[in-house]
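K.L.:
Sequence and computational prediction follow.
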Amino acid sequence: FLISNSKKVSFARLARIWQQTREFNHNIPALLESCMSSIKRQRLLIKAIDKSPKAGQQKTFRKTHVYEFRLGNASFSLYCIKGGENGNQNLEFVSVTNRDYLQKQFQFNWQEVLKKGTILKETTEKNLNLKIEISEPVKADNKEYYPYAAILTEPQFFLLLVPAANAIDIVSMIKKQYDEQFSKVKNRLPLNMAVVFAKRKQPLYTILEAGRKMLADFNNDVLRWQVNDVSYDDASKNTVVHLHAMRRDNDDFTHDLKWEVSTRLGDPAKTDFYYPYFCTDDTQEQQIGTRTDIFKAPLRRNDSEWRYVCHVSELQKGDSVYVTPAFIDFEFLEVPGRRFDLYYEDNIRWLRKTKPYFLDDLTQLQKAWELVSNGGLTNAQFRGLLEVIERRRESWLRENTPDDVFKNFTKHTIHAQASNWFYDLKEEDRHLILELAQNGRLLDVFELYMKILMIFELQQSYSGRVDVEGDRFAYLPVKLAFTVAPLPADPT
């Protein structure tokens, strides 16, 4: 069927979209709990007596405030649940700092160190000389908790604080759910994500601002991509579309993305003619050939020239389609001022042209780390390899695109320094490592896993590492960028 006029946007349709995305965001905490089932924790309950010089005369320890204490070489935080209001000197606290982190880093055993009669001095309010004396043996709270905090949950946004060591797993889990629920409309309903890593004492407002800047600067305008191949997967009953993707026109980081688009309704025997459509670059009837599941619609609001919108099953190799891509980026705020370096222009970050990534590129980074850390490459080899390549990139290319000379140099460098490891890989894996080394994203893999997640040895696992959990956390702002696309008027 050919439809020259599409359905207008109705309130009922917008409400359904809003409800579906709201349900998606509200289900994320439950998914997080399944992802974190192995790291449930218990808080410690601490009862103490106020031993400050002005105890009972003024409010020394205030309810709902967090205080930093030091004992030996270990520093830890306690949250006050019963303060010194009205002259009260009997205080109650719960632990904030990860107990496993303190025990591993400082050999700090809570039961042995925090005994009855132990004096603790508060370190942030030094002029008040605040201190407490533990009055009862420390005991664990019976109620366990998951180490995450949802700051905001609404249909378009989801803001989350999680341990740094689990951030990549959580991002992968959210991406998986997004691909399953929104595969039919991912070409026009992008899921943008930012991952801001920081140390535990970093001011929260700087982290929130960094995440806001990253999401706000992602340009969610439509881009024209080319269809390289279309096939049907009998196992999953999905249409597989291979797209030549770019972040902007004349982008240096063009590569192919594989999208699996569901074309079935709730009844697997019925084809979905409602949602899985792509807007093509065709404007004339003779350009569409013999395709039937098409209609005509404007690409943007108030667009004078209408284009043909084609069902995904009828896409053909060589078609140009319009896509609103989903982006992801990460940054480690070593200092608060680093957030001012986060600036994007036409979906390219200043000072780091490799960023941001398409959301689908996350699997590339994870795959690259899996190959690098498989045991065939030593820590010194990986660092030395990157140092040689990046020094030549800086001196030869500066801001220019890698040319054939630099690509050949990169290939020979890998051959000279890590030939045994490299040629033991599969051909497609060698191609991935070589591509990332040439375009600079292998350095991003090193920065993410070995610098931010603090994996100092390549054979070491990063998931659930307590030395990262206790010292660093990650802020995950997630945004569903709505673009209301036309639907066929009578999809029968």
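P.N.:
Good, I have the coordinates.
K.L.:
nearest residue to Leu208 other than its sequence neighbours?
P.N.:
Excluding the flanking residues, the one nearest Leu208 by CB to CB, 6 or more residues apart in numbering is Tyr475, at 7.0 Å. No exception for glycine: its C-beta is placed from N, CA and C like everyone else's.
K.L.:
just Val312 next, same as before
P.N.:
Nearest one to Val312, counting by CB to CB, 6+ apart, is Pro276 at 4.4 Å.
K.L.:
And for Pro477?
P.N.:
That would be Gly211: by CB to CB, 6+ apart, it lies 4.0 Å from Pro477.
K.L.:
tell me what the helix or strand where that neighbour lies is packed against?
P.N.:
If you go by DSSP states H and E, Gly211 is part of helix 204-217. With contacts defined as 3 or more CB pairs under 8 Å, 6 or more residues apart in numbering; DSSP states H and E, helix 204-217 has these neighbours: strand 191-199, strand 327-333, strand 472-480.
K.L.:
just to revisit the earlier point, dihedrals phi and psi, the residue nearest to Val312?
P.N.:
Phi and psi for Pro276, reported as degrees, to the nearest 10, are phi -80, psi 80.
K.L.:
still on that earlier bit, who are the neighbours in contact with the residue nearest to Pro477?
P.N.:
Leu159, Ala194, Val196, Tyr475, Leu476, Pro477 (CB atoms under 8 Å, 6 or more residues apart in numbering).
K.L.:
Wait, the fourth one touches Tyr205, no?
P.N.:
Which is Tyr475. No: between Tyr475 and Tyr205 there is no contact under CB atoms under 8 Å: 11.2 Å.
K.L.:
Pick out whichever of the two has more residues nearby.
P.N.:
Tyr475 (25 against 10; other CB atoms under 10 Å).
K.L.:
In terms of pLDDT, where does the residue nearest to Val230 when sequence neighbours are not counted sit?
P.N.:
Nearest residue to Val230, sequence neighbours excluded (CB to CB, 6+ apart): Leu315, at 4.8 Å. pLDDT, Leu315: 90.
K.L.:
give me the number of residues near Leu14?
P.N.:
Using other CB under 10 Å, Leu14 has 12 neighbouring residues.
K.L.:
next one: the one 3 residues further on
P.N.:
By other CB under 10 Å, the residues close to Ile17 number 17.
K.L.:
any idea whether it is helix, strand or coil?
P.N.:
When classified by DSSP: H, G, I helix; E, B strand; the rest coil, Ile17 comes out as helix.
K.L.:
Where do the helices of this protein begin and end?
P.N.:
Assigned by DSSP state H, the helices in the chain fall at 11-26, 28-35, 99-106, 110-113, 167-182, 204-217, 362-372, 379-392, 404-423, 427-439, 441-446, 466-471.
K.L.:
Quick one, which of those helices gets closest to Pro155.
P.N.:
helix 11-26 (4.0 Å; CB to CB).
K.L.:
Can you spell out which helices and strands pack onto that closest one?
P.N.:
Against helix 11-26 (3+ CB pairs under 8 Å, 6+ apart) you get helix 167-182, strand 472-480.
K.L.:
Tabulate the ones you listed in a markdown table, adding columns for mean pLDDT and distance to Thr64.
P.N.:
Formatted as a markdown table, these follow (pLDDT from 0 to 100; distance: least, CB to CB, whole Å):
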| stretch | mean pLDDT | distance to Thr64 |
| --- | --- | --- |
| helix 167-182 | 91 | 27 |
| strand 472-480 | 85 | 20 |
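K.L.:
Gln103 contacts Asn109, correct?
P.N.:
Yes: counting by CB under 8 Å, Asn109 is a contact partner of Gln103 at 6.1 Å.
K.L.:
circling back to that earlier point, of the helices of the chain, which is nearest Asp234?
P.N.:
helix 167-182 (18.6 Å).
K.L.:
what residues does that closest one touch?
P.N.:
20, 24, 27-28, 31-32, 35, 160, 162, 186, 189, 191, 193, 195, 197, 260, 328, 359, 362, 366, 448, 453, 462-463, 474, 476, 478.
K.L.:
Using PyMOL, define a selection of the buried residues within those residues.
P.N.:
In PyMOL, this line selects whichever of the contacts of helix 167-182 come out buried by 16 or more other CB atoms under 10 Å:
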select buried, resi 24+28+32+35+160+162+186+189+191+193+195+197+328+359+362+366+448+453+462+474+476+478
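K.L.:
Give me the distance between the residue nearest to Arg430 when sequence neighbours are not counted and Ile49.
P.N.:
Using CB to CB, 6+ apart and skipping the chain neighbours, the partner closest in space to Arg430 is Phe422 (6.2 Å). Using CB to CB, to the nearest Å, one gets 64 Å for the distance from Phe422 to Ile49.
K.L.:
go on, Val312?
P.N.:
Noted for Val312: a distance of 69 Å to Ile49, by CB to CB.
K.L.:
the more surrounded of these two?
P.N.:
The neighbour count for Val312 versus Ile49, taken as other CB under 10 Å, is higher for Val312 (25 against 15).
K.L.:
show me the contacts for that one.
P.N.:
Val230, Thr239, Val241, Val261, Thr263, Pro276, Tyr277, Phe278.
K.L.:
could you redo the last one with a cut-off of 10 Å?
P.N.:
Val312 makes contact with 183-184, 187, 227, 230, 238-241, 259, 261-263, 272, 275-278, 293, 321, according to CB atoms under 10 Å, 6 or more residues apart in numbering.
K.L.:
any idea of the mean pLDDT in stretch 355-364?
P.N.:
Here the average pLDDT along stretch 355-364 is 92.
K.L.:
whoops, stretch 290-300 was the one
P.N.:
81.
K.L.:
How about stretch 24-33?
P.N.:
The average pLDDT within stretch 24-33 is 85.
K.L.:
Then stretch 61-78?
P.N.:
83.
K.L.:
Likewise for stretch 199-207?
P.N.:
88.
K.L.:
end-to-end on that stretch?
P.N.:
10 Å (CA to CA, to the nearest Å).
K.L.:
Tell me which residues are up against that stretch.
P.N.:
Taking CB under 10 Å, 6+ apart as the rule, stretch 199-207 contacts 68, 75, 77, 96-98, 101, 151, 161, 164, 196-198, 209-210, 331-340, 469-475, 477.
K.L.:
Apart from its chain neighbours, what residue comes closest to Tyr67?
P.N.:
Glu122 (5.0 Å).
K.L.:
May I have the beta-bridge partners of the one you found?
P.N.:
Phe69 (DSSP bridges).
K.L.:
can you pull the pLDDT of it?
P.N.:
Value listed for Glu122 in the pLDDT field: 83.
K.L.:
pLDDT below threshold where in this structure?
P.N.:
Across the chain, the ranges flagged by pLDDT under 70 are 1-9, 38, 56-58, 105-106, 126, 301-303, 399, 455-471, 482-492.
K.L.:
Quick check: the gap between the closest residue in space to Glu209 that isn't next to it in sequence and Glu345.
P.N.:
Excluding the flanking residues, the one nearest Glu209 by CB to CB, 6+ apart is Arg339, at 5.7 Å. Computed as CB to CB, the Arg339 to Glu345 distance reads 17 Å.
K.L.:
One more: Phe69?
P.N.:
Phe69 is 46 Å from Glu345, by CB to CB.
K.L.:
repeat for Asp361
P.N.:
For Asp361, the distance to Glu345 - CB to CB - is 19 Å.
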